[in-house]
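Student: Here is the input, now give the coordinates:
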Amino acid sequence: MTQPQMEIRLAGGSPFFGSSRTAPVTFDVSIANTSPIPFSVRRIELSTPSSVEFGIYPAERLFNEAVAPGEQKTMSVTATAYNAGNARMSPTEPLAMRMIVEFEHEGKRWREVTLSRGLD
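Tutor: Numbers count the residues shown, from 1 in each chain. Below you'll find the predicted structure:
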């Protein structure tokens, strides 16, 4: 089976912290099935391995989203961003993300891990 193409985008731009140290943030995860075999997306897990201005608390969302051969689907995952101590209300640092996506086909599961740098 060919590895699915995966892309993550920060929906709505960088979080606005205002006077708080946390803020909600939504990510759009696009998954394209480049193989001739259908599969389902079962789970998406997001985290920030290292950041200076802000990061997110690890977030996970369960899915049962079928992706047919040649099809691309976008799924949203909401997380809580935290201000890592910098006084900025709107951080400018590009976010580095780790994304783990769990797939399933005919009862067999596997995971793909990606690291994205410069996400903003």
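Student: Residue 99 reaches residue 111, doesn't it?
Tutor: No - look at residue 99 against residue 111 with Cβ atoms under 8 Å: they stay out of range, at 10.3 Å. From N, CA and C alone the C-beta is placed, and that goes for glycine too.
Student: for this protein, what spans make up the strands?
Tutor: Under the criterion DSSP state E, strands of the chain are mapped to 5-11, 22-32, 39-47, 54-56, 59-67, 72-83, 95-105, 108-119.
Student: Within the sheet, what are the partner strands of the second one, with directions?
Tutor: To tie it back to what came earlier, the one meant is strand 22-32. Paired neighbours of strand 22-32 in the sheet (DSSP bridges): strand 5-11 (antiparallel), strand 72-83 (antiparallel).
Student: if we can go back for a sec, so which of residue 99 and residue 111 has more stuff around it?
Tutor: Legend: neighbour count by other Cβ atoms under 10 Å for residue 99 and residue 111, higher for residue 99 (20 against 11).
Student: Would you check how far apart that one and residue 117 are?
Tutor: Distance of residue 99 to residue 117, given as Cβ to Cβ, to the nearest Å: 12 Å.
Student: ok, back up a step: now the strands paired with strand 22-32 in JSON lines, please, with extra columns for mean neighbour count.
Tutor: Output for these, formatted as JSON lines (neighbours: other Cβ atoms under 10 Å):
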{"stretch": "strand 5-11", "mean neighbour count": "16"}
{"stretch": "strand 72-83", "mean neighbour count": "17"}
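Student: Can you check which of these gets nearest to residue 104?
Tutor: Residue 104 lies closest to strand 72-83 among the strands paired with strand 22-32, at 14.4 Å (Cβ to Cβ).
Student: For the closest one, give the mean pLDDT please.
Tutor: Across strand 72-83, pLDDT averages out at 94.
Student: And for it, what's in contact with it?
Tutor: 5, 11, 15, 17, 20-33, 41, 44, 46, 53-57, 59-61, 63, 65, 67, 91 (Cβ atoms under 8 Å, 6 or more residues apart in numbering).
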